[in-house]
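Enquirer: got a sequence here, can you model it:
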Amino acid sequence: MQSNIVLFLRHVSFPPDPHLLPTALKSCPALPLARALHAAAVSAGVARDPFVSSSLLHTYLRFGATADARAVFDGTPQKTVVGWSALVAGHAARGDADGAWRLLEEMRRGTAGGGRGGVEPNVITWNGLVSGFNRSGRARDAVLALVRMHGEGTLRPDSTGVSCALSAIGDLGMEAIAVGEQLHGYAVKAGCRLDACVVTALIDMYGKCGRADGIVRVFDESCHMDVASCNALITGLSRNTQASEALRLFRELVARGVELNVVSWTSIVACCVQNGRDLEAVDFFREMQAQGIEPNSVTIPCVLPAFANVAALMHGRSAHCFVLRKGFFHDVYVGSALVDMYAKCGRFRDGRKIFDAMPSRNVVSWNAMIGGYAMHGEAASAVQLFHSMLKCKQKPDMVTFTCVLAACSQAGLTEEGRRYFNEMQKEHGISPRMEHYACMVTLLGRAGKLDEAYDLISDMPFEPDGCIWGSLLGSCRVYGNVDLAEVAAEKLFYLEPQNAGNYVLLSNIYASKKMWEGVNRVREMMKDVGLKKEKGCSWIEIKKKVHMLLAGDNSHPMIAAITEKLKQLNIEMRRLGFAPSTDFVLHDVEEQEKDDILAVHSEKLAVALGLISTSPGTPIRVIKNLRICDDCHEAMKFISSFEGRELSVRDTNRFHHFTDGKCSCGDYW
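Expert: Next up is the predicted model:
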C-alpha cells in the first residue's frame with residue numbers, strides 16, 4: 001500500500017496541495033512513507049505551509065522520530081506554543097528527560113531555527129511533559145515536572161496534569177505516598193477531585209501504594225463514578241487483600257445502577273480467585289452472564305482457576321465450549337488456563353489434548369502441562385515433556401524447574417532431581433530460589449535423607465522461609481524424626497506464629513510416638529497464642545453443582561445420609577479386619593473417641609456424599625484445602641477397594657488417586 005501511494009504521488013498530473021497532504025499524513029502507517037510524503041511536500045513547495053508542517057511534525061513524533069520532527073520545526077516560520085508543546089511532549093514520551101527540559105528552556109528563549117522572541121509554556125505544554133514522562137516509565141520525572149510547574153506559580157495544574165502525576169506516584173509506590181496525599185489535597189482545593197480521570201487516578205494511586213483506606217475514602221467522596229473508576233476500585237482493593245470490601249462496594253455499585261462493563265466483572269472475578277473465594281468467583285461469573293455481559297478472552301483465564309479450585313469440572317467444560325464457540329482458543333493464555341484447569345480437576349489427559357491442540361505455546365503453556373503431570377505424580381511424563389520443551393527451543397524459566405523438581409520429589413527420583421537442580425544453574429543460568437530449595441528438601445526427605453536435607457538448608461545463600469522448614473517438618477512426620485522435627489518447628493513458630501498447621505503437625509509427630517507430654521505442651525502453646533486447628537474443607541461436584549463440606553459441620557441437607565453411609569463403611573472396615581490408624585490424633589483419648597474424631601474429616605464427608613449421589617462405578621473427585629490426614633488416606637484405600645470406585649483427592653501437595661486399595665503417591669505425601 002505504501003508503494004502505491006508513493007507511485008500515485010509521483011504520477012498524478014497535479015501536485016499535492018496543503019489539504020491533501022495533512023489527510024495522507026494523518027493516516028500514514030509507517031515512517032518511510034511519512035518521509036516520502038515529506039519529500040513530496042518539499043517538491044510541491046508546500047512543506048512550510050502551517051497545516052502541512054504541523055501535520056509533518058505530529059506524524060514524525062507519532063513514530064518517535066524526534067530528529068525529523070525537530071528539523072521540520074526549525075524550518076517553520078511561525079513557531080507557536082502548539083508546535084513547541086508537541087516537540088517537548090515528544091521528547092518526554094521517548095524518555096529523553098534532558099532533551100525535553102532543554103527544549104522547554106529554548107522555547108522560553110525563542111532560539112530555535114534562528115527565531116527570535118520566546119514563547120511561554122502553557123498548561124498543555126506542562127501536561128505534555130508530565131504525561132510523556134509517565135508513558136515512558138520516568139515516573140519520578142513526571143512528578144517533578146508537575147511540582148516544578150506548580151512551584152513557578154504562574155499556572156495551576158489542571159485535572160489532566162493531576163491525574164497523570166497521580167498515576168506516576170502510584171508507580172513509585174509507598175516512597176511517594178506523601179506527595180500523593182498532598183496532590184489529593186490540591187485536587188480538593190482546585191475543585192477537580194470529582195473529575196472522572198482524577199477519581200480513577202486517585203484510586204489507582206492509593207491501591208498501588210498499599211493504602212486501602214485511601215481507596216475507600218475516595219469512593220465515599222465520589223457521588224458519581226464512571227466505569228473506569230469502578231474498575232480501578234476493585235483492582236486496588238484486591239491488590240491489597242481487601243476482598244470483602246471489594247465485594248461490598250461492587251454490590252453497592254450494582255445497586256447504584258452504575259453501568260459496569262466486562263472489565264468490571266472480570267476484575268471482581270479475579271479479585272475473588274486471588275483471595276481464595278472461588279465459589280463467589282463462580283457465582284459472579286454466572287451473574288455476569290445473566291446480566292448480559294459476555295466474557296472475553298481475559299475473563300476466561302481469570303475464572304478457570306476458580307473452577308479448578310472447587311472441582312467444578314462441568315463448569316470448566318462449559319467454559320471450554322464457550323472458548324471454542326467464540327474463537328478464543330488461539331489466545332495462548334486461554335489455552336494455558338484450560339490445560340491448568342483440566343489438570344487441577346484431575347483430568348490431566350484432557351489437559352494434554354488441549355496442550356497438543358494449541359496453535360502456539362509459550363513458557364506458561366509448557367509450565368502448566370509439566371506442573372499438571374507433577375501434581376498427579378506422573379514424573380516420567382513431566383520429565384519427557386521438559387525435554388520436548390528444550391528441543392522446541394523454548395527457554396525454561398524458574399517456574400519450569402519448580403515443576404520438574406516437584407515431579408521428581410513426588411515420584412522419589414532423588415538422583416534425577418539433583419541433576420536438574422544443578423543443570424538449572426550451570427546450563428540455564430537460573431539461580432535457585434526458595435521454591436527450588438523447598439522441592440529439594442522434599443526430595444531428600446522422601447528418600448529418608450533428613451540430615452542431608454538439613455545440611456542443604458544450612459548452606460542456603462539466604463535465610464530459609466516457612467516453606468523450607470515446613471517441607472522438612474513434613475518429612476520428619478513420615479520418618480518419625482522427633483529431634484529434627486523440633487528444630488524445624490521452632491523455626492516455623494518464629495516465622496509463622498499464626499499458622500496452626502505447624503503446631504498440629506508437630507503434635508501429630510509426638511502423638512505417633514506416644515509422647516503425650518509433648519502433645520499437651522503443643523496444645524498449651526496453641527492456647528497461649530489463641531490458635532485453633534484449621535478446619536478442613538472439601539469440595540465435590542455432583543450433577544453440575546459444587547458442594548462444600550466442612551469438618552464436623554452438620555449443615556449440609558444430606559448430612560444424615562452421609563453420616564449413615566460413613567457408619568456402614570466403618571462397620572465393614574472393622575468386619576473385614578481393617579483398623580484405621582489413630583496414631584496421629586491430637587489428644588490422648590480412648591480408641592472409640594478417636595474413631596469419632598476421625599469420622600468428621602471433610603474429605604470423608606465429601607466422598608460419602610459422592611458415593612450416595614452417583615451411580616456405582618462412577619469416579620469420585622474431591623479437592624481439600626489441607627493435607628490429607630493419615631487416617632483418611634488409609635480409609636480412602638479401603639473405600640476404593642470395597643466400593644470398586646476410583647477416588648481422586650487433591651490436597652495442598654498433590655493428587656492422590658486411589659484404585660483397588662492402593663494410592664498413586666506410594667504412601668508418601
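Enquirer: can you tell me, leaving aside adjacent residues, what's nearest to residue 660?
Expert: Leaving aside its chain neighbours, residue 660 sits nearest to residue 641 (5.6 Å; criterion: CB to CB, 6 or more residues apart in numbering). To be clear about C-beta, it is placed using only N, CA and C from the backbone, and glycine gets the same treatment.
Enquirer: so what's that neighbour scoring on pLDDT?
Expert: The model reports residue 641 with a pLDDT of 93.
Enquirer: cool, and residue 95?
Expert: Residue 95 is assigned a predicted lDDT (pLDDT) of 89.
Enquirer: that one touches residue 134, doesn't it?
Expert: No - with contact taken as CB atoms under 8 Å, residue 95 and residue 134 are classed as non-touching, separated by 10.7 Å.
Enquirer: give me the more crowded residue out of those two.
Expert: For residue 95 versus residue 134, the count of surrounding residues by other CB atoms under 10 Å is larger for residue 134: 26 against 15.
Enquirer: how is that one assigned, secondary-structure-wise?
Expert: Under the three-state scheme (DSSP: H, G, I helix; E, B strand; the rest coil), the conformation of residue 134 reads as helix.
Enquirer: before we move on, back to that, quick check: the residue nearest to residue 660 touching residue 663?
Expert: No - look at residue 641 against residue 663 with CB under 8 Å: they stay out of range, at 11.2 Å.
Enquirer: tell me which of these two has more neighbours.
Expert: Here residue 641 and residue 663 are compared on neighbour count by other CB under 10 Å; more neighbours surround residue 663, at 22 against 16.
Enquirer: buried stuff in stretch 325-344?
Expert: Going by neighbour count (16 or more other CB atoms under 10 Å), the buried part of stretch 325-344 is 328-329, 331-344.
Enquirer: now stretch 24-43
Expert: Residues of stretch 24-43 classed as buried by neighbour count (16+ other CB under 10 Å): 24-25, 28, 33-38, 40-41.
Enquirer: average pLDDT for that stretch?
Expert: Here the mean pLDDT over stretch 24-43 is 84, rounded to a whole number.
Enquirer: then stretch 207-224?
Expert: For stretch 207-224, the per-residue pLDDT averages 86.
Enquirer: what segments of the chain are strands?
Expert: For the chain, applying DSSP state E gives strands covering 537-542, 545-550, 620-624, 647-650, 655-659, 662-663.
Enquirer: contacts for the fourth one, please.
Expert: Contact partners of strand 647-650, identified using CB atoms under 8 Å, 6 or more residues apart in numbering, comprise 311, 344, 346, 375, 603, 607, 619-624, 628, 632, 636, 639-640, 655-659.
Enquirer: repeat that for 6 Å
Expert: Here strand 647-650 makes contact (CB atoms under 6 Å, 6 or more residues apart in numbering) with 346, 603, 620-623, 628, 636, 640, 655-658.
Enquirer: just the shortest one next, same as before
Expert: Strand 662-663 has contacts (CB under 6 Å, 6+ apart) with 637, 656.
Enquirer: ditto for stretch 323-337
Expert: The list of residues contacting stretch 323-337 from outside it, by CB under 6 Å, 6+ apart, reads 297, 300-301, 304, 358-360, 362, 364-365, 368.
Enquirer: could I have the PyMOL command that selects the buried members from those residues?
Expert: Of those, the buried ones can be selected in PyMOL as follows, counting by 16+ other CB under 10 Å:
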select buried, resi 300+301+304+358+364+365+368
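Enquirer: as CSV, the contacts of stretch 323-337 with pLDDT and distance to residue 150 would be great.
Expert: Written out in CSV, the entries for these read as follows (pLDDT from 0 to 100; distance: CB to CB, whole Å):
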residue, pLDDT, distance to residue 150
297, 94, 42
300, 96, 45
301, 95, 42
304, 96, 47
358, 95, 52
359, 93, 52
360, 94, 49
362, 95, 45
364, 96, 44
365, 97, 49
368, 97, 49
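Enquirer: JSON lines please, covering the contacts of stretch 323-337 and showing distance to residue 458.
Expert: Compiled in JSON lines, the contacts of stretch 323-337 are given as follows (distance: CB to CB, whole Å):
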{"residue": "297", "distance to residue 458": "47"}
{"residue": "300", "distance to residue 458": "45"}
{"residue": "301", "distance to residue 458": "40"}
{"residue": "304", "distance to residue 458": "41"}
{"residue": "358", "distance to residue 458": "43"}
{"residue": "359", "distance to residue 458": "48"}
{"residue": "360", "distance to residue 458": "44"}
{"residue": "362", "distance to residue 458": "37"}
{"residue": "364", "distance to residue 458": "34"}
{"residue": "365", "distance to residue 458": "37"}
{"residue": "368", "distance to residue 458": "34"}
